[in-house]
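*Asks:* Quick check, what structure comes out for this input:
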Amino acid sequence: MGRKSIKANKNIYQLAREAAGLTREKASDLIRYISPERIEKIESGKTPVHPDELPLLAKAYKRPDLLNSYCANECPIGKCKEIGEIKNCDFSQVVLQILSTVSLLESQKNRLIEISADGEISDDEMKDFNYIRTQLKAISDQSEALRIWIEKMGYQENEL
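*Replies:* I've put the predicted structure just below:
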């Protein structure tokens, strides 16, 4: 039987495991490919989590957002691509954010057509283009938040 951790600075992996109500031993049994000792080393920060371990941890802990968190905060490629971490949101909040951003983009549609018509972005078009690009990135992030919510709720693509 595992002891309850009293460690103050728990990392995301330990918090996720504990929220799932699993000891390291039970998590290891559920995952089958990661030992309790390896889980302890990941949680204590003695060794980094490997990318191939992440899907196993995310599934066992029912936390699909662990994948995004890793990409945004730990993965060297994700860091250089400035992948944003998706914060947990509820369904209605994500949908309202998407609709709000789509509405903003709808009002900018004609400006984007003007900017792209000649195949170049001039200096005087750059400010508007960057604003539109920021809104498109927001839609991408919001879509990812919705995908994570769907996975977290346990829905499969063929059920939607």
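
*Asks:* Now the one helix or strand in the chain whose mean pLDDT sits lowest: buried residues?
*Replies:* Least confident element among the helices and strands of the chain, by mean pLDDT, DSSP states H and E: helix 76-80 (a mean of 78). For helix 76-80, the neighbour count (16 or more other Cβ atoms under 10 Å) marks Gly78 as buried. Heads up, the C-betas are built off the backbone N, CA and C, glycines and all.

*Asks:* Quick check: which ranges of this protein have low pLDDT?
*Replies:* For the chain, residues meeting the criterion pLDDT under 70 lie at 1-7, 82, 88, 156-160.

*Asks:* What strand or helix carries the residue nearest in space to the middle of the chain?
*Replies:* Nearest to the mean C-alpha position of the chain, by Cα atoms, centre = their mean, lies Asn68 at 2.8 Å. Using DSSP states H and E, the element containing Asn68 is helix 65-73.

*Asks:* Please enumerate the helices of this protein.
*Replies:* Using DSSP state H, the helices found in the chain span residues 12-19, 24-31, 36-44, 54-61, 65-73, 76-80, 91-116, 126-152.

*Asks:* how about the second one: buried residues?
*Replies:* Residues of helix 24-31 classed as buried under the neighbour-count rule (16+ other Cβ under 10 Å) are Arg24, Ala27, Ser28, Ile31.
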